[in-house]
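K.L.:
just to be clear, the model below is a prediction. Sequence and coordinates:
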Amino acid sequence: MRKVLGKAFFERKTALVAQALLGKFLVRKIGGKVVREMITEVEAYIGPHDLASHASKGRTTRTEIMFGEAGTLYIYFVYGMYWMLNVVTEGKNYPAAILIRSTENYKGPGVLTRELKIDGKLNGQRLGKSSGLWIESDLKIENSKLKIHRSARIGVSYAGKIWSKKLLNYKILSSSNT
DNA sequence: AGCAAGATCGGT
DNA sequence: CCGATCTTGCTG
């Protein structure tokens, strides 16, 4: 049985939501087709002091969305080529989001968005069927049975001694179900 | 107005 | 390791 995750799921502590997202399914509707991909790696960006997070620069045109409602899509362009897919977490005015880095078939955040046709047009929209992009749980997959590995976030060496080393990258090592 | 850097990727 | 490629935010 499947269930679409709503605002309440994302309106919790970001580290908690990050772990909970592993084993969930990212669903993308492209034309008439629906693609379902199990999320295998995510990264948390938490609060106004996290130097790895865009939000550490405060409210700007770009970061405003991170200060918004849980479940909102934060999608930005990097390196002149790739779109990064994030979901806003926690309460309003507290900037936090989770970067969806990989799914079973798509390794890496840039590849993921390229293959699922996700770009800036979705920036600021709510995760959900109306935007054609949502996340579902599948009761067959029990998150508690997943082996999860935490490590430092990727590509954030600019974030200083403390923040570049926080163990906010979460990935599935293996699972006893599926 | 100009500039440096970037939550990446694929090829050497 | 290196280049591709372009938006963003900061400086002046």
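P.N.:
Done, it's in.
K.L.:
pretty sure A:L112 sits in a helix.
P.N.:
Yes: counting by DSSP: H, G, I helix; E, B strand; the rest coil, A:L112 is found in a helix.
K.L.:
which residue packs closest to it, ignoring adjacent ones?
P.N.:
A:Y106 (4.2 Å; C-beta to C-beta, 6 or more residues apart in numbering). Any C-beta I mention is one placed from the backbone N, CA and C, and that applies to glycine too.
K.L.:
and the one you found, which of the three is it?
P.N.:
Under three-state DSSP, A:Y106 falls in the coil class.
K.L.:
ok, it to DNA strand B distance?
P.N.:
Using C-beta to the nearest atom of the strand, to the nearest Å, A:Y106 is found at 8 Å from DNA strand B.
K.L.:
mind giving me the packing neighbours of the lowest-mean-pLDDT helix or strand in chain A?
P.N.:
Ranking every helix and strand in chain A by mean pLDDT, DSSP states H and E puts strand A:169-175 at the bottom, with a mean of 87. Here strand A:169-175 touches strand A:33-46, strand A:96-103, strand A:146-151, going by 3 or more C-beta pairs under 8 Å, 6 or more residues apart in numbering; DSSP states H and E.
K.L.:
turn the ones you listed into TSV, including distance to A:D119.
P.N.:
Output for those, formatted as TSV (distance: least, C-beta to C-beta, whole Å):
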stretch	distance to A:D119
strand A:33-46	15
strand A:96-103	14
strand A:146-151	28
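K.L.:
among those, show me which one is buried the most.
P.N.:
strand A:96-103 (a mean of 24; mean count of other C-beta atoms under 10 Å).
K.L.:
about what we covered before: what about the residue nearest to A:L112, neighbour count?
P.N.:
A:Y106 has 20 neighbours, counted by other C-beta atoms under 10 Å.
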